[in-house]
Structures are given as structure tokens and as C-alpha cells.
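[1] let me see the structure of the following:
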Amino acid sequence: MSSRPARPADVAFAAAACIVLAGYNNLAGVQPWHRRWYPAVNALAATATLAAAAASGLTADDLGLRRDRLRSGLRLGSVAAAPVVAACGLAALTPATRPLLNDQRVAGLDRRQLTYHVLLRIPLGTVAWEEAAFRGVLQATLRRVLAEPAATVVASAVFGIWHIRPAAEALAANRLATTRGARISAVTATVAGTAAAGALLSFLRSRSGSLAAPVLLHLAANCTAPLASALARTLDR
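    Numbering: from 1, shown residues only. Take a look at the predicted model:
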């Protein structure tokens, strides 16, 4: 944040971005059209969000999209992603840890559906959209009106709230936390953990100057987990 007072228009844009992102995944995500056209809808949302950010005065540098920072982002992102991939692979190959990978949402997918999820739905519909929205637009938007630590805290908190519905659906699909109190506690813990992950992704974005760094780590976590779950189920047969 610069030393000059924040412009009212920037404050309004930051507040609107927080509200829209806090609600989008929890409200639109339950709609049948959103589930059916998930990658396309979220790709359009990412494009619209980046366009709105550009119209508000944010630059490619602000958004982590400078080409000359790409190599730095790829390098840092690869370093961060490698342990995640290794941990998921090791968990799938170790009999004692395979039950931790059990996910009924993955169990219900055939090979073609799993390929679609890993190669299209997750990279385009989830990772590209979330990184553009949070580590790109929201982080840059908040940095115009808040100091860096506060901007990271707010962006991470909104990222946690974004995951309320997915957390509840994952618990229901896997028949976990069956009582109301247990569900609330589990969802709260998941949201807090996701917010912490958001802070790490924001750190990678700031450290590298590129969205490529958080994108690589996000891809590693979201794509390797279902692959490891599928491998674990195959090895246990």
C-alpha cells in the first residue's frame, strides 16, 4: 500500500471483491448449471474478474502476470509442489496410510471421468479461477487499501469462507461428522486450514512476483490427491 490515502473507488472495489468472492462458491456452486458447466463458467468468471481488475487500474505486475516474472514463479512453485506430490505418492504406496486417501467422490469416478477432473475440471475450473481471483485480483486489490500483512489476512480469510460449501459436501459424501455439532466443528477446522493454505499461496505469489508459483502448488495439491486416492484403491483390491 502506498503512503497516500486509499481512493474511495479502490476501497469500494476491494469491499465488493470480498463480498462477491465470499458468496460465489457457496451460492453459485449449488446450482445445477454451475455443476454441469463448471470449467466454462469459472473460466468466464476468471476472465470477467481480471477484466474488472484491469478497468479498476490494476496492472499485469499487480496481478502477478508479468512475463519476465514467470520463470521465478515456476521455479519457486516447483520447489513448493515437489513435497506435496511426493507425500501423496508415498501415502498411496504405504498400506498404513492408504485409508487416509479414501474419498468416495473419487471412488465414484471411472477412468475417463478421473482424467477429465485432473486434466480439465481442476486445472481450469478450480485452480486457474481461484488463483486469478484470490492471489491475482483480490490480493492486488487489497494491497491498494491495506498494508501487506492485513491484505494477506483478509484475502486468506475470504479464501477460507469460499470453501464452506465444498467442505460440507466432502463430509457428507464420505459420511464423516454425522452430527450437527461435529459438522460445524469439521467445517470450521477445514475453513481455517484452507485460510492458512491461502496465506501460503499468497506468500508464494508475493515472493516470486508471479501467479505461476501458487498455481503450481495448487495444481499439485488438487490434482495429485485424487490420483493418489485412485491409486490407493487400485493397490488395495
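
[2] low-confidence stretches in this structure?
    Residue ranges of the chain with pLDDT under 70: 1-4.

[3] all helices for it, in order.
    Using DSSP state H, the helices of the chain run over 8-27, 32-36, 38-55, 70-93, 104-107, 111-116, 129-130, 139-143, 148-162, 164-173, 180-208, 212-235.

[4] helices or strands up against the first one?
    To tie it back to what came earlier, the one meant is helix 8-27. Judged by 3 or more CB pairs under 8 Å, 6 or more residues apart in numbering; DSSP states H and E, helix 8-27 is in contact with helix 139-143, helix 148-162, helix 164-173. The C-beta positions use only the backbone N, C-alpha and C, and glycine is treated the same way.

[5] with the third one instead?
    Based on contacts counted as 3+ CB pairs under 8 Å, 6+ apart, the elements that helix 38-55 packs against are helix 129-130.

[6] and the helix it packs on, how far out from the chain's middle?
    6 Å (CA atoms, centre = their mean, to the nearest Å).

[7] packing partners of it?
    Helix 129-130 packs on helix 38-55, going by 3+ CB pairs under 8 Å, 6+ apart.

[8] relative to Arg165, how far out is the residue nearest the centre of the chain?
    Here the mean C-alpha position of the chain is nearest to the C-alpha of Glu130 (CA atoms, centre = their mean), at a distance of 4.8 Å. According to CB to CB, to the nearest Å, Glu130 and Arg165 sit 14 Å apart.

[9] can you tell me how far Asn42 is from Pro214?
    For Asn42, the distance to Pro214 equals 16 Å [CB to CB].

[10] do the same with Trp162
    15 Å.

[11] check Leu231 too.
    Taken as CB to CB, the span from Leu231 to Pro214 is 25 Å.

[12] so those two - more neighbours on which side?
    Each of Leu231 and Pro214 has its neighbours counted (other CB atoms under 10 Å); Pro214 has more, 31 against 18.

[13] quick one: the spatially closest residue to that one that is not a sequence neighbour from Val20, how far?
    Of all residues not flanking Pro214 in the chain, Leu201 sits nearest, at 3.9 Å (CB to CB, 6 or more residues apart in numbering). For Leu201, the distance to Val20 (CB to CB) stands at 19 Å.
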